[in-house]
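1. Return a 3D structure for these sequence lines:
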Amino acid sequence: MSDWDKLYKRANKLLDRLEYFLPVNHPQPDWHASTAFRWRRQGNSGFIQPVTHPHQITLDALCGIDDQKQRIDQNTRQFVQGFPANNVLLTGARGTGKSSLIKSLLNKYAEGGLRLIEVEKHHLIDAHDIVERIYQRPERFILFCDDLSFETDEPGYKALKVVLDGSIATVSDNVLIYATSNRRHMVPEFMRDNLDTRHIGEEVHPSETVEEKISLSERFGLWISFYPFDQDQYLKIVHGWLVYFGIGKLTPQTRAEALQWALQRGSRSGRVAWQFARDLAGRTKSVSGKTP
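-> Below you'll find the predicted structure:
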């Protein structure tokens, strides 16, 4: 290989590295292409990408969480109508419908101008950039952060705190953040964190470590908790999904199979109920020869 070829090869490698740091001019998203979007990163910049086939689920399809539905539906209605509303943190047992509930709100209020932008945890450092791109839009946007949990030193943790409440810039009134997590404080809590708690008289003063860990969740104005379902609630959800899949009756045999399915999974969650109903519907239609 000649000296010229070596120089050419090295120059190409250098240009490849430099391209990563150069801004990429992404086209503006087609806001009419969808009601749901995702924040994507390419190199050192990001862009808003339409979701071709958003998850179509309705509020009525979600059973066993009527109180939670009422509270978040009211908050979202206020937001879509242009009235004050809160950022929402949905926490609690897995598989109880936290994420599905947020998606169902988009289905209900899309015609009123609601739009959903899904932001992954490791992209939360771009939250300010996302808000800047949409704050002049006429639509109402929910930034959807699913299944959040952090270590205290993660950059996304501090970025989310700042966006929620803590920046010198005012948060745009056409943006809310709806987040789900299996734990309310979203940060691991250890026994050693309580060792520095001070007791003054009858008052308890948490340590600075504990205060720091609860500071993120406190920035959400509305907390909605989800709890494990008991057996009757689980079977009610199973029946609801069986009706959805065209099987209207919960027979004693089906009931027993549903309970066995939950026992094998170690959970009576809404997700497990949906998976059982889907499996039963597939097996039933396969045997009968019915096409979907």
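
2. where do the helices sit along the stretch 1-150 of the chain?
-> Under the criterion DSSP state H, counting those that start in this stretch, the stretch 1-150 of the chain contains helices at 3-21, 66-80, 98-109, 127-134.

3. closest to Gly221 out of these?
-> Proximity to Gly221 (C-beta to C-beta) singles out helix 66-80 among those, at 8.5 Å. Yep, even glycine has a C-beta here, placed from its N, CA and C like the rest.

4. what's the closest one in contact with?
-> 59, 62, 84-86, 88, 90, 97, 101-102, 105, 108-109, 112-114, 140, 142, 176, 178, 222, 224-226 (C-beta atoms under 8 Å, 6 or more residues apart in numbering).

5. Tell me which residues of it come out buried.
-> Buried residues in helix 66-80, counting neighbours by 16 or more other C-beta atoms under 10 Å, are found at Gln68, Lys69, Arg71, Ile72, Asp73, Asn75, Thr76, Arg77, Phe79, Val80.

6. Kindly report the same for stretch 105-120.
-> Buried residues in stretch 105-120, counted by 16+ other C-beta under 10 Å: 105-110, 113-120.

7. So for Thr35, which of the helices of the stretch 1-150 of the chain sits nearest?
-> helix 98-109 (6.0 Å).

8. Now do the closest one against helix 66-80, angle only.
-> 50 degrees (axes from the mean of the first three to the mean of the last three C-alpha atoms, to 10 degrees).

9. can you tell me which residues contact Arg133?
-> Residues in contact with Arg133, defined by C-beta under 8 Å, 6+ apart, are Ile48.

10. Pro50 - how many residues pack around it?
-> 15 (other C-beta atoms under 10 Å).

11. got it, and the one 5 residues further on?
-> Counted with other C-beta under 10 Å, residues neighbouring His55 total 14.

12. Next up, the contacts around it.
-> Counting by C-beta under 8 Å, 6+ apart, His55 touches Ala36, Ser100, Lys103.

13. can you count the residues close to the first one?
-> Using other C-beta under 10 Å, the number of residues around Ala36 comes to 20.

14. Do I have it right that it meets Ile57?
-> No. With contact defined as C-beta atoms under 8 Å, Ala36 does not reach Ile57; the gap is 11.8 Å.

15. So the residue nearest to Asp126 when sequence neighbours are not counted versus His122, what's the distance?
-> With C-beta to C-beta, 6 or more residues apart in numbering as the criterion, Asp126 has its nearest non-adjacent residue at 5.1 Å, and that residue is Gly46. Note on Gly46: its distance to His122, by C-beta to C-beta, to the nearest Å, is 11 Å.

16. Next: Ser104.
-> 26 Å.

17. ok, now Asn174?
-> To His122, Asn174 is 25 Å away according to C-beta to C-beta.

18. More neighbours: which of these two?
-> Neighbour count, other C-beta under 10 Å: between Asn174 and His122, Asn174 has more, with 18 against 11.

19. Point to the residue nearest the middle of this protein.
-> The centre of the chain sits closest to Asp146, judged by C-alpha atoms, centre = their mean, with a distance of 2.4 Å.

20. Pull the contacting residues for that residue.
-> Applying C-beta under 8 Å, 6+ apart, the residues near Asp146 are Ser99, Glu118, Ala179, Thr180.

21. if we go to 10 Å?
-> Residues counted as contacts of Asp146 (C-beta atoms under 10 Å, 6 or more residues apart in numbering) are 90, 98-99, 102-103, 118-121, 178-181.

22. cool, Gly113 as well?
-> Thr35, Phe79, Val80, Gln81, Gly82, Arg137, Pro138, Glu139, Arg140, Phe141, Asn174.

23. can we see that at 6 Å?
-> For Gly113, the contacting residues are Glu139, Arg140, by C-beta atoms under 6 Å, 6 or more residues apart in numbering.
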